[in-house]
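Peer 1: Just need the structure, nothing else, for what follows:
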Amino acid sequence: MRKARHVSNLEDHLGYWIRYVSNQVSHAFSLKVEARGVTVAEWVILRELYGRDSVAPSALADRLGMTRGAISKLADRLQAKTLVTRTAGKADRRYQELVLTAAGRALVPELSDLADQNDAEFFGNLKSADRATLERIMQEIVRRRGLRTVPID
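Peer 2: I've put the predicted structure just below:
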């Protein structure tokens, strides 16, 4: 007679709990920024451009761990919303850089406030030491696993 294998419950896995919380945090933030007319992915691009004169799409793709095609599609959407413009390089007209418009620069601090608010709603009840420990552990996992792709969903 074969012995029955132990099958763990979903709740037995730390990854389950991380994903459970992450999904809720991400969804709540998504609703907040979408009410301001942008997606989370667009917010990431806007935030990366904020405070810089311009950024080449290829540099943005490398920095965020995204494909150049994905950056191009996001830039197209942001340009259609008049939040970003593309400028041609001075020496090489084929070279492009992304630049925030005045509307884009004005929107970023508002979206940043929403991100802060979302964090406070989910993690504001944690003791500062617990929050610091959780953040340190997550950053250690990212570092140890060599994770590069910035979360955009």
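Peer 1: Let's test this: name the helix or strand in the chain with the lowest mean pLDDT.
Peer 2: Lowest by mean pLDDT, DSSP states H and E among the helices and strands of the chain is strand 84-88, with a mean of 90.
Peer 1: elements contacting it?
Peer 2: Strand 84-88 sits against helix 40-49, helix 68-80, strand 96-100, with contacts defined as 3 or more CB pairs under 8 Å, 6 or more residues apart in numbering; DSSP states H and E. C-beta here means a position set from N, CA and C on the backbone, and glycine is covered the same way.
Peer 1: what's the closest of those to residue 125?
Peer 2: For residue 125, the closest of those is helix 40-49, at 23.5 Å, according to CB to CB.
Peer 1: shaky segments in this structure?
Peer 2: Applying pLDDT under 70 to the chain picks out residues 89-93.
Peer 1: That one: helices as residue ranges?
Peer 2: Ranges of helices in the chain, per DSSP state H, are 14-34, 40-49, 57-64, 68-80, 102-123, 128-145.
Peer 1: Kindly present those helices as JSON lines, with separate columns for mean neighbour count and distance to residue 2.
Peer 2: Below are the helices of the chain laid out as JSON lines (neighbours: other CB atoms under 10 Å; distance: least, CB to CB, whole Å):
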{"stretch": "helix 14-34", "mean neighbour count": "13", "distance to residue 2": "28"}
{"stretch": "helix 40-49", "mean neighbour count": "21", "distance to residue 2": "48"}
{"stretch": "helix 57-64", "mean neighbour count": "17", "distance to residue 2": "49"}
{"stretch": "helix 68-80", "mean neighbour count": "16", "distance to residue 2": "48"}
{"stretch": "helix 102-123", "mean neighbour count": "14", "distance to residue 2": "45"}
{"stretch": "helix 128-145", "mean neighbour count": "10", "distance to residue 2": "36"}
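Peer 1: any chance of the ones you listed in TSV, plus distance to residue 152?
Peer 2: What follows is the helices of the chain, written out as TSV (distance: least, CB to CB, whole Å):
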stretch	distance to residue 152
helix 14-34	10
helix 40-49	4
helix 57-64	8
helix 68-80	9
helix 102-123	13
helix 128-145	15
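Peer 1: Quick check: which of these is nearest to residue 1?
Peer 2: Closest of the helices of the chain to residue 1 is helix 14-34, at 31.8 Å (criterion: CB to CB).
Peer 1: what does that closest one contact?
Peer 2: Under the contact criterion CB atoms under 8 Å, 6 or more residues apart in numbering, helix 14-34 has outside partners 10-11, 39-40, 42-43, 111, 114-115, 117-118, 121-122, 151, 153.
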